[in-house]
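how would this look folded up:
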Amino acid sequence: MQDKNDANRMRKELLIRIIKDFMNDTLAEKIDKIPIEIRPKGEASSRCCIYKDRAVLKYRLMAMLGISVEDETDESKSLSAYLADALKRDSFDEKILSVLDVACTSCVTSRYLVTNACRGCFARPCVFNCPRGAMSVVDGKSVIDYSKCIDCGICTQVCPYHAVIRVPIPCEEACPVGAIKRNHETDVQEIDFGKCTYCGKCMVACPFSAILEKSQIIDVLKAIKEKKKITAMLAPSVVGQFPVPLERIAGAVLAIGFTGVEEVAFGADMTSENEAEEFVERMKRGDKLMTTSCCPSYVETVKKHVPGLSAAVSETPSPMRYTSQTLKQEDPETLTVFIGPCVAKRKEALIDVNTDFVLTFEELAAMFVAFDLQFESVKPHEMTRPVKSSGRGYATSCGVSSAVLKEMKDAGREDIPDINAQFINGIDKKAVKMLQMYATGKMPGNFLEVMACEGGCVGGPCAIGKVKLAIDAVKKYADGPGIPKKEK
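Sure, this is the predicted structure:
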């Protein structure tokens with residue numbers, strides 16, 4: 001589990017502590033001491049003081065217990081009390097992401113800043129061209145009146161010295177749908193869940209790790225500890241996340257207490273088969289376009305931001321849903337746990353009666369470390385359920401469309417319509433506009449694959465492997481497609 005930055009390192013350390021202590025029956029007595037142990041008196045703090053560091057650590061631990069920071073009504077409530085609440089819950093709300101206010105205070109309050117490159121020139125184009133009179137020259141240097149500034153950017157365009165720069169707010173820049181904005185009264189970012197597509201891009205972009213993902217790790221650990229039937233459903237993108245073959249990853253999952261392990265790729269085969277059939281039927285009835293439906297973040301994007309495209313989204317369930325449905329039919333008592341790189345799968349699982357929990361690759365890696373598991377000593381587990389290579393290829397961009405097209409070709413049907421397949425490799429602000437054009441029929445193609453993460457699921461916000469290496473691993477294992485060039 002390679003550290004990408006200090007925030008990633010701290011998240012890993014906290015997860016490992018929670019898992020170890022919970023499995024040792026010591027978490028209730030130790031959890032309140034964790035912030036103090038990590039930031040003891042006398043050591044340098046990463047913020048203004050160790051007390052703020054400890055407060056941030058407390059809230060990070062709350063999120064790992066599955067508690068929203070925003071739900072706190074009593075600051076004196078202990079982490080052990082929150083743990084007790086977590087162990088009693090039997091449902092989850094859709095506030096999957098949480099903003100940590102005490103950590104979200106260091107970004108600039110405006111997008112534009114006058115640097116010392118300003119010469120206070122006589123022409124003063126910034127002053128004369130500002131539409132709201134927000135620019136003036138004081139003591140030989142331009143200054144911005146932020147109460148008047150509308151962030152139009154004209155000052156940056158007209159300054160001959162490029163002295164006015166645009167300073168990005170990382171989470172807002174990353175969000176493709178404008179779902180996160182600063183509350184200027186509290187000076188803290190807020191997520192509008194009416195707009196949020198759960199892509200997780202804001203969480204990855206925040207340099208202060210102030211956007212937290214609410215975890216279900218405690219719920220899964222509780223089930224393992226109680227020796228319940230619990231089946232791990234490994235997303236196709238798991239290949240390439242760990243430096244061992246899939247069979248050894250599966251063996252490791254069983255070694256930490258899961259009673260069963262399955263590839264979600266077998267559900268992907270079912271999605272391919274049914275989506276291929278649906279495409280043929282849609283074209284027969286005169287539809288102009290069908291899009292894939294396996295990426296829950298894309299589905300949320302259409303639902304909330306491109307409703308004109310809703311009718312084109314495939315009605316075929318995702319691989320996760322087919323997999324969990326099959327497992328529940330075979331054994332209604334088993335708990336199903338999807339494990340992947342995705343934040344949006346947590347949202348999808350809330351409306352899927354057959355998927356009980358969702359873990360990320362980060363959380364799985366922390367479990368391996370906490371259980372002191374060594375891959376070389378694990379007995380490989382042979383996956384016996386038949387899976388096509390195209391199903392495993394779902395992990396990369398173009399993998400879904402390749403699998404569906406292959407399904408139609410292999411069926412040998414004579415009524416297959418002409419196919420003009422297109423793709424969107426990662427949803428950003430430009431891609432949202434492109435989807436709006438698809439909704440109005442201004443874009444080519446009658447079959448469109450959309451992945452929220454560039455590169456496909458292997459580029460998900462909770463992946464732990466490098467995208468290029470993960471794509472190569474998937475391609476080697478499944479003979480799947482490589483990463484396509486970014487659409488222009």
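
what about the strands in the stretch 151-300 of the chain?
Residue ranges of the strands in the stretch 151-300 of the chain, as given by DSSP state E, counting those that start in this stretch, are 164-166, 180-183, 188-191, 211-213, 230-234, 260-263, 290-291.

got the contact list for residue 117?
By C-beta atoms under 8 Å, 6 or more residues apart in numbering, residue 117 lies in contact with 161, 162, 163. For the C-beta atoms, the positions are set from N, CA and C on the backbone; glycine is no exception.

before we move on, the earlier item: relative to residue 22, which of the strands of the stretch 151-300 of the chain is closest?
With respect to residue 22, and counting by C-beta to C-beta, the nearest of the strands of the stretch 151-300 of the chain is strand 230-234 at 15.1 Å.

could you give the angle of the longest helix along the chain to strand 230-234?
Ranked by residue count and defined by DSSP state H, the top helix of the chain is helix 265-284. On the basis of axes from the mean of the first three to the mean of the last three C-alpha atoms, to 10 degrees, helix 265-284 is oriented at 60 degrees to strand 230-234.

Quick check: residue 292 touching residue 452?
No. Distance between residue 292 and residue 452: 11.5 Å, which falls outside the contact criterion (C-beta atoms under 8 Å).

joint contacts of those two?
Common contacts of residue 292 and residue 452, defined by C-beta under 8 Å, 6+ apart, comprise residue 298.

where's the residue lying farthest from the centre of the chain, which helix or strand?
Distance from the C-alpha centroid of the chain, by C-alpha atoms, centre = their mean, peaks at residue 122 (49.6 Å). Per DSSP states H and E, residue 122 falls between elements, in no helix or strand.

same check, this time on residue 143
For residue 143, the enclosing helix or strand under DSSP H and E is strand 141-144.

List the buried residues of that strand.
142, 144 (16 or more other C-beta atoms under 10 Å).

which secondary structure elements does it contact?
For strand 141-144, the elements it packs on are strand 112-114, strand 135-138, judged by 3 or more C-beta pairs under 8 Å, 6 or more residues apart in numbering; DSSP states H and E.

Run the chain-centre distance for the last one.
Taking C-alpha atoms, centre = their mean, to the nearest Å, one finds strand 135-138 lying 43 Å from the centre of the chain it belongs to.

likewise stretch 309-318?
Centroid displacement of stretch 309-318 relative to its chain, using C-alpha atoms, centre = their mean, is 21 Å.

Let me know how buried the residue nearest to residue 34 when sequence neighbours are not counted is, in neighbour terms.
If you skip the residues right next to it in sequence, residue 34 has residue 17 as its closest partner in space, 5.9 Å away by C-beta to C-beta, 6 or more residues apart in numbering. As a burial measure, the neighbour count of residue 17 was computed by other C-beta atoms under 10 Å and equals 20.

quick one: residue 461 from residue 208, how far?
With the distance defined as C-beta to C-beta, to the nearest Å, residue 461 ends up 16 Å from residue 208.

how is the chain carved up into domains?
Per the record's domain assignment (automatic domain parsing), the chain is made up of the domains 1-89, 91-105+171-214, 112-168, 226-478.

Could you give the separation between the terminal residues of the third one?
End-to-end span of domain 112-168 (C-alpha to C-alpha, to the nearest Å): 8 Å.

tell me the mean pLDDT for that domain?
Averaging the model's pLDDT scores along domain 112-168 yields 93.

Distance from the strand or helix carrying residue 403 to the middle of the chain?
Assessed by DSSP H and E, residue 403 sits inside helix 399-411. With C-alpha atoms, centre = their mean as the basis, the distance from the averaged C-alpha position of helix 399-411 to the chain average is 27 Å.

What residue, apart from its backbone neighbours, is nearest residue 455 spatially?
The shortest distance from residue 455 to any residue other than its chain neighbours is 4.5 Å, reached at residue 467 (C-beta to C-beta, 6+ apart).

meant to ask about residue 235, not that
Closest residue in space to residue 235, ignoring its immediate chain neighbours: residue 340 at 3.4 Å, by C-beta to C-beta, 6+ apart.

Surely that neighbour is in contact with residue 237?
Yes. Counting by C-beta under 8 Å, residue 340 sits close enough to residue 237 to count as a contact (6.2 Å).

Out of the two, name the residue with the larger neighbour count.
When residue 340 and residue 237 are compared for neighbours, residue 237 comes out ahead with 31 against 26, by other C-beta under 10 Å.

Which parts of the stretch 351-488 of the chain are strands?
Listed in chain order, the strands found in the stretch 351-488 of the chain under DSSP E, counting those that start in this stretch are 357-360, 421-425, 447-451.

Arrange the ones you listed in TSV, one row each, with mean neighbour count and mean pLDDT as further columns.
Conversion of the strands of the stretch 351-488 of the chain to TSV gives the following (neighbours: other C-beta atoms under 10 Å; pLDDT from 0 to 100):
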stretch	mean neighbour count	mean pLDDT
strand 357-360	26	97
strand 421-425	20	94
strand 447-451	27	96
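
closest to residue 387 out of those?
If you check each of the strands of the stretch 351-488 of the chain against residue 387 by C-beta to C-beta, strand 447-451 wins as the nearest, at 20.0 Å.

Name the residues that touch the closest one?
With C-beta under 8 Å, 6+ apart as the contact definition, strand 447-451 has outside contacts at 279, 289-292, 295, 298, 312, 397-398, 400-401, 404-405, 419-427, 431, 435, 438, 457.

are any of these buried, and which?
For the contacts of strand 447-451, a neighbour count by 16+ other C-beta under 10 Å gives the buried set as 279, 289-292, 295, 298, 312, 397-398, 400-401, 404-405, 419, 422-427, 431, 435, 438, 457.

in the stretch 351-488 of the chain, which ranges drop under the pLDDT threshold?
477-488 (pLDDT under 70).

what ranges do the helices span in it?
Using DSSP state H, counting those that start in this stretch, the helices of the stretch 351-488 of the chain run over 361-370, 389-392, 399-411, 429-439, 467-478.
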